[in-house]
Each structure stands twice: as structure tokens, then as C-alpha cells.
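S.K.: Need coordinates for the below:
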Amino acid sequence: MLFHPANLPYWIFLGMGVLLFLFVIVSGGGDDDVDIDTDVGTDGDFDFNGLFLGWIGIGKAPLILLLAINLSLWGLFGWMFNVWLGGILNQVPSGGWNFIVLILSMFLSLFTGGLIARPVGRIFAEFGEDTSSDRLIGRNGTVSSATIPLEKQGRIGQVDVIDKSGNLVTINATVPEWGTVIPRHGETVIVIDRTVDVYFAIASNSPDENHWLRVTNKK
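M.R.: Alright, predicted model coming up:
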């Protein structure tokens with residue numbers, strides 16, 4: 001049953017997923033992620049597309065890594081379902097059973113891949129991580145915590161940033177003391193500086209960004 005022709009598609013999916021994982025490691029983390037808002041709308045609006053895309057992992061990891069996860073899981077789940085059904089039916093699943101296994105394993109792989117995309121993305125980011133801690137300065141990011149607090153408040157928030165190599169990195173961040181705008185969950189920020197333990201981020205397209213640009217241009 002293990003190497004029965006009925007399992008061939010799932011061995012192919014699994015093999016493709018493993019090859020993509022190897023490519024991600026060799027290339028240093030994968031391609032750039034797609035800039036898609038995967039948060040449910042506010043003020044009573046319900047963003048079904050954003051909810052669905054977030055559910056399957058879009059926006060949580062580089063797309064090539066997400067594809068590697070989903071293909072590997074599709075192959076694994078499909079093979080497991082075929083073996084399980086073969087034990088129940090006392091024969092290799094065929095006909096309509098093959099289609100059911102194909103669709104069920106696909107949806108299960110999309111769901112599971114969406115759940116594990118972010119932590120797996122963080123793990124694989126380490127393979128291509130730049131040794132320079134300043135590689136994120138000037139990059140845009142998305143607030144993943146409720147807010148990014150002011151530095152003087154003594155608290156930190158989290159920002160998801162994709163570096164120039166396509167690695168998805170979650171960093172601790174605060175708004176500098178001179179900041180006037182508190183970025184909230186899902187909003188875009190710019191990483192402008194760092195200390196040993198925390199990065200400084202400001203809201204994009206805000207008075208804080210204008211102030212930072214004026215100061216930077218004067219240097």
C-alpha cells in the first residue's frame with residue numbers, strides 16, 4: 001500500500017514540497033511576500049477575502065515557503081488518508097474515494113499550513129539572516145500586536161518585517177520619544193532605528209514620517 005500507484009500523486013506533492021524547502025534554505029528564505037491586507041475590516045465591515053487569505057496563510061510567510069508547506073502537507077495527508085481508508089475498506093481506495101481523499105487532504109493542508117506558516121517562516125528566516133542587525137532599517141513593516149507604544153511607556157509591540165532577502169522577521173518595536181502617532185494592529189510602519197534590544201518604528205504616511213525625513217535629509 002505504501003508505494004501503490006494510487007499514492008503516486010501524494011509522493012509527487014511531498015517531493016515537490018521538500019525540493020521547495022531546500023530551495024528556500026539555499027536561496028536564503030524565499031521570495032518577497034505579497035502585500036495583502038489579511039485583517040478583518042473594522043467599523044462593522046467584514047472582509048471575507050482578507051479573512052480567507054489569512055486563513056490559508058497568505059501574508060504570514062514568503063509565498064514560496066507557504067507553497068512548500070502546503071505541498072508537503074498535501075502529500076503527507078493524502079498518503080495517510082489512503083492508508084487509513086485502505087485498512088478500513090480492505091482494498092486500495094478507488095473511484096470516488098480517490099476524489100474525496102484528494103479534496104479533503106488539500107483543504108486540510110491549506111488549513112494546517114495557514115496555522116504553522118508564521119512560526120515556520122521565522123525558523124527558515126534564520127537560514128538567510130543577514131549578520132548585520134541594521135538590515136531592517138528603512139524597511140516597511142506591519143504591526144502584529146495591538147499597538148506600538150511610545151518608548152517612554154516602557155512597553156514594546158511587535159512588527160512583522162520582510163527584509164531584502166524575503167525573510168519574514170518579527171521584531172520588538174516602540175515609537176521614539178518624539179513620536180506623536182501610535183500605530184495600531186494591521187497598520188504600516190517604517191523601521192527607522194534600533195538599540196540592542198528594540199527597534200524604533202513610526203507610522204507610515206504620518207507627520208512622524210515627515211519629521212523623520214526632514215531630520216534625515218539634514219544629516
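S.K.: helices and strands around the helix ranked longest in the chain, which ones?
M.R.: Counting by DSSP state H, the longest helix found in the chain is helix 96-125. For helix 96-125, the elements it packs on are helix 8-27, helix 48-55, helix 63-89, strand 168-174, judged by 3 or more CB pairs under 8 Å, 6 or more residues apart in numbering; DSSP states H and E. (Each C-beta comes from the backbone N, C-alpha and C, glycine too.)
S.K.: which one of those has the lowest average pLDDT?
M.R.: Of all the helices and strands packed on helix 96-125, helix 48-55 carries the lowest average pLDDT, namely a mean of 51.
S.K.: if we can go back for a sec, which other residues reach the helix or strand following the longest helix of the chain?
M.R.: Downstream of helix 96-125, the next assigned helix or strand under DSSP states H and E is strand 140-143. With contacts defined as CB atoms under 8 Å, 6 or more residues apart in numbering, strand 140-143 is touched by 157-162, 171, 173, 183-191, 201, 204.
S.K.: Just the buried ones from these, in PyMOL syntax?
M.R.: Entered in PyMOL, the line below selects the buried ones among these, by 16 or more other CB atoms under 10 Å:
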select buried, resi 157+158+159+160+161+162+171+173+183+187+188+189+190+191+201+204
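S.K.: circling back to that earlier point, got a markdown table for the helices and strands packed on helix 96-125, with distance to Gly138 too?
M.R.: As requested, those are exported to a markdown table (distance: least, CB to CB, whole Å):
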| stretch | distance to Gly138 |
| --- | --- |
| helix 8-27 | 22 |
| helix 48-55 | 27 |
| helix 63-89 | 23 |
| strand 168-174 | 13 |
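S.K.: of the ones you listed, which approaches Ile100 most closely?
M.R.: Proximity to Ile100 (CB to CB) singles out helix 63-89 among the helices and strands packed on helix 96-125, at 8.5 Å.
S.K.: next one: that closest one to chain centre, how far?
M.R.: 21 Å (CA atoms, centre = their mean, to the nearest Å).
S.K.: Show me the shaky parts of the protein.
M.R.: Scanning the chain for pLDDT under 70 picks out the ranges 1-4, 27-61, 87, 89-95, 121-133, 219.
S.K.: how does this protein divide into domains?
M.R.: Using the TED database, the domain parsing of the chain gives 5-130, 139-217.
S.K.: right, and the helices and strands packed on helix 96-125 - which one's nearest Gly114?
M.R.: Using CB to CB, those put helix 48-55 closest to Gly114, at 5.3 Å.
S.K.: Could you pull out the buried residues of stretch 190-197?
M.R.: By neighbour count with 16+ other CB under 10 Å, stretch 190-197 contains the buried residues Ile190, Val191, Ile192, Arg194.
S.K.: And stretch 166-180, by the same measure?
M.R.: Per 16+ other CB under 10 Å, stretch 166-180 contains these buried residues: Gly166, Asn167, Leu168, Val169, Thr170, Ile171, Ala173, Thr174, Val175, Pro176, Gly179.
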